[in-house]
Each structure stands twice: as C-alpha cells, then as structure tokens.
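J.: Sequence below, structure please.
(2 chains)
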Amino acid sequence: MARPQPPFAMLAELTHVCPLACPYCSNPVELTKRTDELDTDTWARVFREAAELGVLQLHLSGGEPAARRDLVELVTAAREAGLYTNLITSGVGLTDQKLAALDAAGLDHVQLSLQGITAALADRIGGYKGGFERKMHVAERIAEIGFPLTLNAVMHRHNLDDLPATIALAQRLGARRIEVACVQFHGWAEANRGQLQPTADQVRAAKATVDAERDRLKGTLVIDFVAPDWFSDYPKACMGGWGTTGLNITPAGDVLPCHAAETIPSLSFANVGQLSLSDIWYDDAAFNAFRGTEWMPPLCQSCDRRDIDFGGCRCQAMAIVGDAAATDPVCRKSPDRAKVDALLDVAPSDAAFVYRARV
Amino acid sequence: MNEAAVPFLPRGVRLHFDKVRETHFLLGPERALILDDISQIILSQVDGKRSVGAICADLAETYTAPVNQITGDTLALLNDLADKRLLEHG
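T.: Numbering: from 1, shown residues only, chains lettered A, B, ... in the order given. Have a look, this model is predicted:
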C-alpha cells in the first residue's frame, strides 16, 4: 500500500457533556465521563502534533464544547499551532463574555446547530427548554462580532418540510453557509427511527428545494446538503475514504478514523497519551484496516465506482450487514440492499423520543 | 464583479502556506482550496484597497504579460471565489 497522504481535518470531541439531549446525537452510545477528558495541556500538544502532521482545519466539537471551562485557552493553543479553528456549538453556554474572549483568541468560524425554526419544535428536539431563544441571542452576537457563521440544520420527518423557512432563517441570521444535514440512523438515532425517518416524498421535495435555492442564492448563501443515503442508489464516500482525509479524537484521547468507528468491534484504537498523532495516522492498525482497495470484497474491487465511493461507509456495513468489510448495503449492487429497503419501510411513530443520555 | 471592484478576503478566509505539503491554500469555513501559482499570486495582491483593474495592471507590468489575459484570469478566479462566499468586494 502506498504511504497515505497527510490528513486535512481533525474533529476534536472536547467533551461529551451537553445541555441538549437530541435523539439523533452522533456521539457514541457509551459516553465519556468528564473526569476521563484530556486536560488543557494535552489538547494543546495534540493540536501542535496535528499541525505538524498536515492538518489544516480543526473542528472543535462535543458534546457542547462551551461546556469546557478552558475553551478559550484551547482556541488560543490551536491558533498558535497554525490551525484554522471551527467551533461546532449549540450556542447554549456561550455567554457574551465567552464570545468576546473567543473573538480575541482568534476563533475563525462558528458552526451553530439548529434543531428547528420554532422554539416549540427546537426545544422539544433538544430536550432543553429555552435553548432556541438562547441560540437566537447567540446568533445575533455572532453577527455583531463578525464571525463567519454556518448554520447546521439537522433535518428529519418533523422539520424537513420547513426547509425553505430554514434557509430563510439562515439568511436572516447573516450566515454565509448552511449545512442541511439529514439524520443518519446510527447510534442514538437508531432508537428513534420511527419518530424521525423522513418519507421518500419529503426527501424528494428537499432535494428540489436545495437545487432551486442554490441557484437563487448563488453568491449569497452556500448550501451544502447531506442527503439521507438510504434513499440513494449508491453509498456516500464516507470520510472521503477511510484514513485518507480526516481523523477524530474522543474526549479521552482515543484516535478514530471516523466518529462512529468504535461501533466496529474488531478494531481497537490508539490513544494520544501513548503514541504521537503521526505514528497513529501512518501506522495504526485501525487506520490501515480499510485503506486502499485490498480489503474490499470483489464486488467493490471490480466496480467502476471503486475510486468514487470507496465501498461506502464501514460503520453502516457493520450495523446493517454485520460485517465491516462488506459492501455498504445502500449500494444497489449489494446483495444486502433489501435490508436497507426493509429499514426504510418503518412505520411512522408518534412515540416519545429516546433522548441521548446525560453525562 | 468587474475591473472597478475592490476585492477583499472577508473575516474567516485567509491565505496559508502549508509547510508539510509545500503548497499554498486558501482556508475558509469548511474549505481548504489548493492554490496554483497564478491563483496564489493574484490573491496575494488582494488587499481591500486596490481595484481589480489596478491589480491587473501591476501584474501585467511585473510579469510582462498582456493585461487583457491577466484581467480575464483574475476575474474568473475572483468571481468563482465570490460565488463560494470566500471573497467579497466593495
């Protein structure tokens, strides 16, 4: 196998603590305790190692990164390391004072999550009363300071029909970008499939809205759309290819090829306390497990889409087929596509959400 | 955008020389664009003070190249970046 290229992006899950409890949270089902989190100096060292390795973009995420009392110090350390710093936040816990300090520390960009366009829906999804009102206040302060803003709208059955109004809200808040991210049904979301799964008609309408709005708002608002891949004919090129583009650090310092990689039981992960990021990126068995094409089943190896989607998502193959090295079952050519179609057939449910656990 | 426009990189967008890859990048929200030599030279002239026309006249003189060609290349690059919200102009 050729030596991998250095990574461009790193997702630092600073903490799993979060005031919200969204039923589709992408954090693992096993959450990390606060006492097991990396300390400030260790994160600062990891940021320096990342920059030396070739990482350009650092995404500071959680949980809620504002729940870390040292968030401003961490941003300072990341900027000193030369990284482009992106804060991924619900806005809850970002006081005016903290926003001003982040401005002074050189934070480059804010990505604000959106659970819905009304307080009633947003607070029900987040499981946190007053969260929407707080978020709108934070968005105003972000605009006043001048941080570039991306709105990250997580979409599902209850809010996909609000997409035009969601895009209008992004404009009203002065966002340069909106990410329209449809819920992927892994982890916490898996327990809420009946409650959250959109219909095929909703997905079709959303795609048409995105196409039309991209044209209309060219040069005003950039729209990125993460379609729910179960409705697609071919899998997504997950992570741009395993171990090719990015890496993920858990709150306790485990280094993962993607944020859901811990769902693959055959893999174990190195920790930043034991090895340098460079040793892990180039030599760790978990990163090498699905690099290149040798690991692929013959169906993927011989496919003309081999270098387009790289066999799709390993965690989805694990979850649905029970084999992390299988073709992503979303693919029309997969012998297991019927399993995805069966999952799409879920009856809409009005049962209460299964909320993410508190740390 | 035309030759009279005064382009600038908005907050959150910056030029970056990556020592690991020995390559110039334009970094912005969720974007890291690799810059070829020509793009890097053009963007290094963008200062929020000079117009596209003034920048292109300078470049034509420095590189003894036809100003029409430089202006065409420059406007194509800047308009593309403006569409991506990675560049603004007054």
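
J.: Tell me the confidence at A:Met1?
T.: A:Met1 carries a pLDDT value of 65.

J.: got it, and A:Val359?
T.: So, for A:Val359, pLDDT stands at 89.

J.: Can you pull the poorly scored residue ranges out of chain B?
T.: For chain B, not a single residue meets the criterion pLDDT under 70.

J.: what does chain B have sitting close to chain A?
T.: B:10-14, B:16, B:18, B:20-21, B:25, B:27-30, B:32, B:82-85 (C-beta under 8 Å from any C-beta of the partner chain). In this view, the C-beta of every residue, glycine as well, is placed from N, C-alpha and C.

J.: Now, of the residues you listed, which are buried?
T.: B:10, B:12-13, B:16, B:18, B:25, B:27-30, B:32, B:82, B:84-85 (16 or more other C-beta atoms under 10 Å in any protein chain shown).

J.: Which members of these are the farthest-apart pair?
T.: Across those, no pair lies farther apart than B:Asp18 and B:Ala82, at 23.8 Å, counting by C-beta to C-beta.

J.: picking that back up, of the residues of chain B next to chain A, which belong to strands?
T.: Within the residues of chain B next to chain A, residues falling in strands by DSSP state E are B:Arg14, B:His16, B:Asp18, B:Phe25, B:Leu27, B:Gly28, B:Ala32.

J.: Among those, which pair sits farthest apart?
T.: So, these by C-beta to C-beta: farthest apart are B:Asp18 and B:Gly28, at 14.6 Å.

J.: Whichever residue of the stretch 101-250 of chain A sits closest to chain B: how many residues sit nearby?
T.: Residue of the stretch 101-250 of chain A nearest chain B, by C-beta to the nearest C-beta: A:Pro148 (3.4 Å). The number of residues packed near A:Pro148 is 22, by other C-beta atoms under 10 Å in any protein chain shown.

J.: host element of the closest residue to A:Val255 other than its chain neighbours?
T.: Nearest residue to A:Val255 in three dimensions, chain neighbours excluded: A:Ile280, at 4.8 Å (C-beta to C-beta, 6 or more residues apart in numbering or on different chains). For A:Ile280, the element it lies in under DSSP states H and E is helix A:277-283.

J.: okay, now A:Val29: neighbour count?
T.: A:Val29: 14 neighbours (other C-beta under 10 Å).

J.: check contacts around it.
T.: A:Gly187, A:Trp188 (C-beta atoms under 8 Å, 6 or more residues apart in numbering or on different chains).

J.: if we go to 10 Å?
T.: A:His186, A:Gly187, A:Trp188, A:Glu190, A:Ala191, A:Glu262, A:Thr263, A:Arg356, A:Ala357 (C-beta atoms under 10 Å, 6 or more residues apart in numbering or on different chains).

J.: Phi and psi next, for the closest residue to A:Cys238 other than its chain neighbours.
T.: Nearest residue to A:Cys238 in three dimensions, chain neighbours excluded: A:Cys313, at 3.9 Å (C-beta to C-beta, 6+ apart). The phi and psi torsions at A:Cys313 (degrees, to the nearest 10) take the values phi -90, psi 120.

J.: neighbours of A:Cys313, just the number please.
T.: That count, for A:Cys313 with other C-beta under 10 Å as the rule, works out to 26.

J.: Wait, it touches A:Asp229, no?
T.: Yes - between A:Cys313 and A:Asp229 there is a contact at 7.7 Å, judged by C-beta atoms under 10 Å.

J.: quick one: common contacting residues for the two?
T.: A:Gln184, A:Pro235, A:Lys236, A:Cys238, A:Asp328, A:Val330.

J.: closest to A:Asp162 among those residues?
T.: Nearest to A:Asp162, judged by C-beta to C-beta, of these is A:Gln184 at 19.5 Å.

J.: helix/strand/coil for A:Ile88?
T.: Following DSSP: H, G, I helix; E, B strand; the rest coil, A:Ile88 is assigned to strand.

J.: Could you give the bridge partners of it?
T.: Per DSSP bridges, the residues bridged to A:Ile88 are A:Gln111.

J.: In contact with it: list those residues for me.
T.: A:11-14, A:59-65, A:109-113, A:150, A:152 are the contacts of A:Ile88 under C-beta under 10 Å, 6+ apart.

J.: Let's see the pLDDT reported for it.
T.: Per the predicted model, pLDDT is 98 at A:Ile88.

J.: so A:Arg306 makes contact with A:Trp295?
T.: No - the pair A:Arg306 and A:Trp295 does not pass the contact test of C-beta under 10 Å, sitting 11.9 Å apart.

J.: who has more neighbours, those two?
T.: A:Trp295 (17 against 14).

J.: Could I get the CA-only coordinates of stretch A:191-207 as PDB?
T.: Presented in PDB, the C-alpha positions along stretch A:191-207 are these (Å, rounded to 0.1, in the frame of the first residue of the first chain):
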ATOM      1  CA  ALA A 191     -33.600   4.000  18.600                       C
ATOM      2  CA  ASN A 192     -35.700   6.900  17.100                       C
ATOM      3  CA  ARG A 193     -36.100   5.700  13.500                       C
ATOM      4  CA  GLY A 194     -39.900   5.600  13.600                       C
ATOM      5  CA  GLN A 195     -40.100   9.000  15.100                       C
ATOM      6  CA  LEU A 196     -37.500  10.700  12.800                       C
ATOM      7  CA  GLN A 197     -37.300   8.800   9.500                       C
ATOM      8  CA  PRO A 198     -38.500  11.200   6.700                       C
ATOM      9  CA  THR A 199     -40.700   9.900   3.900                       C
ATOM     10  CA  ALA A 200     -39.400   9.500   0.300                       C
ATOM     11  CA  ASP A 201     -41.600  12.400  -0.800                       C
ATOM     12  CA  GLN A 202     -40.100  14.700   1.900                       C
ATOM     13  CA  VAL A 203     -36.600  13.800   0.700                       C
ATOM     14  CA  ARG A 204     -37.500  14.400  -3.000                       C
ATOM     15  CA  ALA A 205     -39.000  17.800  -2.100                       C
ATOM     16  CA  ALA A 206     -36.000  18.700  -0.100                       C
ATOM     17  CA  LYS A 207     -33.600  17.900  -3.000                       C
END
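
J.: I'm done for today, thanks for sticking with me.
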